[in-house]
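Student: Whatever this is, show me its structure:
(one chain, ligands or ions: 1)
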Amino acid sequence: MNLDAFLQHVKDIERDAVVEIPNCRTVDALRALEARHVKAPLAEGLKQLKTLPAEARAEAGKALNEAKQRLTQRFDAAIDDLKQRLIADERAVAATYDPTIPGPVVPRGALHPVTAVQWEVERVMTGLGFTVVGGPEMETDFHNFEALNIPATHPARDTMDTFWLTNGWLLRTHTSPCQVRAMLTYGAPLRVIAPGRCFRYETIDASHENTFFQVEGLLIDHGISIAHLIAVMRLLLRELFQRDVKVRLRPGFFPFVEPGFELDMSCEICAGTGCPTCKQSGWVEILPCGMVHPNVLRYGNIDPHEFTGFAFGLGLTRLAMMKYGIADIRILNSGDLRGIVPQNRLTGPQIGGCSVRKNPA
Ligand code: DAH
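Tutor: Residues are numbered from 1 along each chain as shown. Got it, this is the predicted structure:
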């Protein structure tokens, strides 16, 4: 390279660097530009200086140095200028910021229909002095059957197709074992409800699932009668539906209650005219219930001569279907978001589940 070419090269470096300056919007961008178009080519120029004839080096070196100084000043000025502008912009935004404007609306989560009805049942029942308790989903034969007056040879076992576990335990077929655990833990008098997931080895169709939810209820005290049972059941349904729903009470057999009842409600899907959800009957079994069998009280260490009680096993999944008009039970476990219930559609005050929650042993 000769001297003229070198001087031209230095000019090119200077021009290339300067044209890009106005395009930089941040200090980092300016520094990157400086590194790319100034520092690197000038360092390269310094190396090329050595390839020039000795007599040309002084002039070339001077030109390189002056270009470097000019460019450094130029970039320093540009960075200062940009900083000032950014500060001014920030001030302008701050000046237009109005802290009294309401914040953006944050979307609230929605509830699964089963959770929604569970919370409502908890609201009504805790209002009546019931405590919410839990229980394990893996149960023993004793709690799920034996202590509920269903011994090993009892035909009632056939009505609850059971998922047996290899250790002899089982997936609870209903929430009724929570009755036993509550009695053994708290004794009488007692008022508890136990919502929870249950499992049965069922063929799945529009109204049967192998995984479903119930709420168990148990009240034990002195002098409890069927009149108390019916009053509480009516109040619960009226509160849940916010109107009087058409119900019928018929005898039902469950080994752990005597007498036992089936409380059916008129099918909300077909208005009682018959559909696949109610198996064309117009009625849905929603609230089986009865007076606690003396044997069950004895298993719970409660003296049946002193105390009586009633129990119920509300079909939470069916209730959700009736309340929200969901015709097919399979939708509930499918992740289909059409069924979700915005929290503001809950009746009564909005609560985050129930605060009174105890887990018996
Ligand atoms: N556990 C029964 C079932 O799943 C339902 C039931 C019936 C529960 C009567 C009760 C009751 O507490 O009193 O089929």
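Student: can we go C-alpha only for contacts and neighbour counts from here?
Tutor: Will do.
Student: ok, what's across the strand from residue 291?
Tutor: For residue 291, the beta-bridge partners are residue 310 (DSSP bridges).
Student: ok, how many other residues are close to it?
Tutor: Residue 291 has 23 neighbours, counted by other Cα atoms under 10 Å.
Student: Spit out the contact partners of it.
Tutor: The contact partners of residue 291, by Cα atoms under 8 Å, 6 or more residues apart in numbering, come to 225, 226, 229, 257, 258, 259, 260, 308, 309, 310, 311.
Student: Identify the farthest-apart pair in those.
Tutor: Spanning the widest gap among those are 260 and 308, at 14.0 Å by Cα to Cα.
Student: By neighbour count, which of the contacts of residue 291 wins?
Tutor: Neighbour counts for the contacts of residue 291 (other Cα under 10 Å) peak at residue 309, which has 27 neighbours.
Student: Any residues of the stretch 101-250 of the chain in contact with the ligand? List them.
Tutor: Applying Cα under 6 Å from any ligand atom, we find that the stretch 101-250 of the chain lies next to the ligand at 174, 176, 216.
Student: ok, the second one - contacts?
Tutor: Residue 176 is in contact with 144, 148, 216, 313, counting by Cα under 8 Å, 6+ apart.
Student: Leaving out chain neighbours, which residue sits closest to the first one?
Tutor: Closest residue to residue 144 in three dimensions, ignoring its sequence neighbours and counting by Cα to Cα, 6 or more residues apart in numbering: residue 177, at 4.8 Å.
Student: for the contacts of residue 291, which one is nearest the ligand?
Tutor: Nearest to the ligand among the contacts of residue 291, counting by Cα to the nearest ligand atom, is residue 311 at 4.1 Å.
Student: What pLDDT does the model give that closest one?
Tutor: Looking at residue 311, its pLDDT is 98.
Student: and if you look at residue 169?
Tutor: 95.
Student: Grab the nearest non-local neighbour of it.
Tutor: residue 140 (4.8 Å).
Student: how many neighbours does that neighbour have?
Tutor: Around residue 140 there are 19 residues (other Cα under 10 Å).
Student: Please enumerate the strands of the stretch 1-150 of the chain.
Tutor: For the stretch 1-150 of the chain, the strands defined by DSSP state E, counting those that start in this stretch occupy 110-111, 131-133, 138-139.
Student: Verify the contact between the residue nearest to residue 169 and residue 167 for me.
Tutor: No: applying Cα atoms under 8 Å as the test, residue 140 and residue 167 come out as separate, 9.7 Å apart.
Student: helix/strand/coil for residue 244?
Tutor: Assigned state for residue 244: coil (three-state reduction, DSSP: H, G, I helix; E, B strand; the rest coil).
Student: typo on my end, residue 214
Tutor: On the three-state scheme (three-state DSSP), residue 214 is labelled strand.
Student: going forward, begin numbering at 236 instead of 1
Tutor: Will do, 236 is the new start, and the previous item becomes residue 449.
Student: Look up which residues are beta-bridged to it.
Tutor: Here residue 449, judged by DSSP bridges, has bridge partners residue 431, residue 550.
Student: That one and residue 554 touch, don't they?
Tutor: No: with contact defined as Cα under 8 Å, residue 449 does not count as touching residue 554 (9.3 Å).
Student: Number of residues surrounding residue 437?
Tutor: When neighbours are counted by other Cα under 10 Å, residue 437 comes out with 14.
Student: name the element it belongs to?
Tutor: Assessed by DSSP states H and E, residue 437 sits outside every helix and strand.
Student: Let me see the contact set for the residue nearest to residue 379.
Tutor: 370, 374, 378, 379, 380, 383.
Student: got it, and residue 496?
Tutor: 484, 485, 486, 487, 488, 523, 524, 525.
Student: if you go through the stretch 336-485 of the chain in chain order, where are the helices?
Tutor: For the stretch 336-485 of the chain, applying DSSP state H, counting those that start in this stretch gives helices covering 348-362, 376-379, 412-421, 461-476.
Student: mind checking how far the residue nearest to residue 415 when sequence neighbours are not counted is from residue 377?
Tutor: With Cα to Cα, 6+ apart as the criterion, residue 415 has its nearest non-adjacent residue at 5.7 Å, and that residue is residue 535. Using Cα to Cα, to the nearest Å, we find residue 535 at a distance of 11 Å from residue 377.
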